[in-house]
Structure formats: structure tokens, C-alpha cells
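> here you go, sequence then predicted model.
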Amino acid sequence: MGQGKRIGYIRVSTTDQNPDRQLSGIDVDKSFIEFASGKNLKRPQLLALLDYVREDDIVVVHSMDRLARNVKELLDLIDQLNDKNVVVHFLKEDMKFTGKTDHMSRLILTVIGAIAEFERQQILERQREGIKEAQKKGKYRGGKTKMTPDKIQQLEEMLKTREPKSKIAKLLGVSRFTLYRYLEKIEPAATNEKPEN
């Protein structure tokens, strides 16, 4: 095995988050920093990384959810990199995938990823129930709140459900205008629906 490069991949959902924390104290030869949702694999910096890596390189990622948001996409990406003889190292989970990885590691990855997906769905469901309860009690007022980091995280999960964006805005407690303005800023293509008057 030759001496490859250590390449960092960092993904944060918005420019409000600090990318420096993800690989703090980790030496890398080059970093690809993505300010984008993890909901699809057509991320500019991810595509650039896939094009850049060479045999014997090591891709270092803070955690699995920074690389992909579901198990299938995560495994597909690992396979793409391993097919190039590139190692993938997840720091938080302390797992490395070399392409020669035993089946037990893939099983562990699948279980971890499936649990994480389940937890995200449970959190989303609890958030919806909490909002509905607050609305019933008259303690919830939507339409004036801005897109906070917490709401942005919730939005990423809700977009996967294919709920109408007007309903998502209501559940998040923001105006449709606020939601669409945010979506246009991060991904113009995400605003195919027009806000209602």
C-alpha cells in the first residue's frame, strides 16, 4: 500500500454552523467543506471529493450522518470510495472501511444507520405532536419565527416526507414567505411550489 493523502470531508447544513468543529485537531492534506443539506448526493463538494481522491487516500469524516442521511446512500458512497482503493474513516463511530472490510463492520454500520434513521423519525413525530398540542392550548403562534438552526434541522427531516411546504411552514411555526425565502437561498430548485397568498 502506497502513501496516500488524508482528505477531510465536512458538511454543515447552513452557513450559521461552524465547520471547524467537525475535524478539529485532525491533520488532513486537503479539506472539502460543504454548506448543504444531506438530503441528496449531488452536493458540489462531495462530487469534487469523489473526483479528487486517488488510490491509497483516506477520507476522514466526523460522523456517518455528515456523509449521508440514510443507510443505502452511505453504503453506496463507501463502496464508490472503496472501489477506488480509498479508505473511509468515521471519527465519531471510530470505524474504517477499506474495501477489504469484514462483513461484521458492514452489519454494524447498517444497524447504526438504521437506528439513527429511526431516531430522526421519532424526533420528528414528537415535534409534530408537541406543536399540535401547543396549538390546541393556544400557546403556539406561527408566522413570525425565523429559521433557527433547530428549525432548519427539522425542515431537513420534513422535506423527506414530501409534505406540502405550506404544511411544513405551519408545523415549523414560520410563515410561508420565511420558509420559501430560506429554501430559495439554499436551493432554488426546492421552491417548485409557490407560496399561497
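Yep, that arrived.

> right, and residue 69 touches residue 39 too?
Yes - using Cβ atoms under 8 Å, residue 69 is in contact with residue 39, at 6.1 Å. All C-beta spots, glycine's among them, are computed from the backbone N, C-alpha and C.

> relative to residue 20, how far out is the residue positioned nearest the centre of the chain?
Taking Cα atoms, centre = their mean, the centroid of the chain lies closest to residue 38, which sits 3.1 Å from it. Using Cβ to Cβ, to the nearest Å, one gets 19 Å for the distance from residue 38 to residue 20.

> tell me which helix or strand comes right after the helix or strand in which residue 109 is found.
Under the criterion of DSSP states H and E, residue 109 resides in helix 103-136. Toward the C-terminal end, the helix or strand that comes next after helix 103-136 (DSSP H and E) is helix 149-160.

> per-domain residue ranges of this protein.
Annotated domains of the chain cover 6-98, 110-188 [automatic domain parsing].

> just the mean pLDDT for the shortest one, thanks.
For domain 110-188, mean pLDDT rounds to 75.

> run the chain-centre distance for that domain.
15 Å (Cα atoms, centre = their mean, to the nearest Å).

> repeat for stretch 35-43
For stretch 35-43 - counting by Cα atoms, centre = their mean - the centre lies 7 Å from the chain centre.

> which of the residues in that stretch are buried?
Using 16 or more other Cβ atoms under 10 Å as the test for burial, stretch 35-43 gives 35-39, 43.

> before we move on, what about stretch 46-53?
Neighbour-count burial for stretch 46-53, with 16+ other Cβ under 10 Å as criterion, is recorded at 46, 49-50, 53.

> let's have the residues you listed in CSV, adding pLDDT, secondary structure and distance to residue 63.
Below are these laid out as CSV (pLDDT from 0 to 100; DSSP: H, G, I helix; E, B strand; the rest coil; distance: Cβ to Cβ, whole Å):
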residue, pLDDT, secondary structure, distance to residue 63
46, 94, helix, 15
49, 96, helix, 16
50, 95, helix, 19
53, 96, coil, 19
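
> list just the nearest of these to residue 171.
Each of these was checked against residue 171 using Cβ to Cβ; the closest is residue 46, at 28.9 Å.
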